[in-house]
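> after the sequence you'll find the predicted model.
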Amino acid sequence: MTYLYDEPDQVVLMDGETYEQLSLPKTLLADRLDLMKENVEVEVLYMDDVATDVELPVLVDLEVTDTAPGVRGDTVSGGSKAATLETGATIQVPLFINPGDVVRVDTRTREYNSRA
């Protein structure tokens, strides 16, 4: 299914084949919702015809909206800094990442994977 948008207390998904929409409570995605952006494909898990969980892709590409500026020469030093992503999530990224960069995030660990 495709993540369309969120409302105050639920998220709305759409089946790409039937165009049927499904609303799920935000509590079902509480710890992962800030890694989802519109139009991302997700897997909805059902038990007895009731949606019970949503699996995000293992890696998602998100733009960095705010972080301290990169420092010249900090390409392999191994340090990290906090970065806010377009969805509002905050993760640790290498020092060379700047606002506007698109990074690949592992949704299982919420960690920086690479530049996208």
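Noted; the coordinates are in hand. Numbering: from 1, shown residues only.

> following the longest strand along the chain, which helix or strand comes up?
For the chain, the strand with the greatest residue count under DSSP state E is strand 59-67. For strand 59-67, the following helix or strand on the C-terminal side (DSSP states H and E) is strand 80-85.

> list the buried residues in that following strand.
For strand 80-85, burial by neighbour count (16 or more other Cβ atoms under 10 Å) applies to 81, 83, 85. C-beta coordinates here come from the backbone N, C-alpha and C atoms, glycine included.

> residues contacting the second one?
If I follow you right, that is residue 83. Counting by Cβ atoms under 8 Å, 6 or more residues apart in numbering, residue 83 makes contact with 64, 66-67, 90-93, 97, 103.

> next, the angle from the longest strand of the chain to strand 80-85.
Angle, strand 59-67 to strand 80-85, by axes from the mean of the first three to the mean of the last three Cα atoms, to 10 degrees: 100 degrees.

> and the spatially most central residue of the chain, what does it touch?
By Cα atoms, centre = their mean, the chain has its centre lying nearest to residue 35, at 2.0 Å. By Cβ under 8 Å, 6+ apart, the contact set of residue 35 is 56, 60, 62, 85, 87, 89, 105, 107, 110.

> give me the pLDDT value at it.
On the pLDDT scale, residue 35 is placed at 93.

> on that earlier part again, now the contacts of residue 83 as JSON lines including neighbour count and pLDDT?
Below are the contacts of residue 83 laid out as JSON lines (neighbours: other Cβ atoms under 10 Å; pLDDT from 0 to 100):
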{"residue": "64", "neighbour count": "20", "pLDDT": "96"}
{"residue": "66", "neighbour count": "11", "pLDDT": "94"}
{"residue": "67", "neighbour count": "22", "pLDDT": "92"}
{"residue": "90", "neighbour count": "13", "pLDDT": "95"}
{"residue": "91", "neighbour count": "21", "pLDDT": "95"}
{"residue": "92", "neighbour count": "14", "pLDDT": "94"}
{"residue": "93", "neighbour count": "22", "pLDDT": "93"}
{"residue": "97", "neighbour count": "22", "pLDDT": "90"}
{"residue": "103", "neighbour count": "21", "pLDDT": "96"}
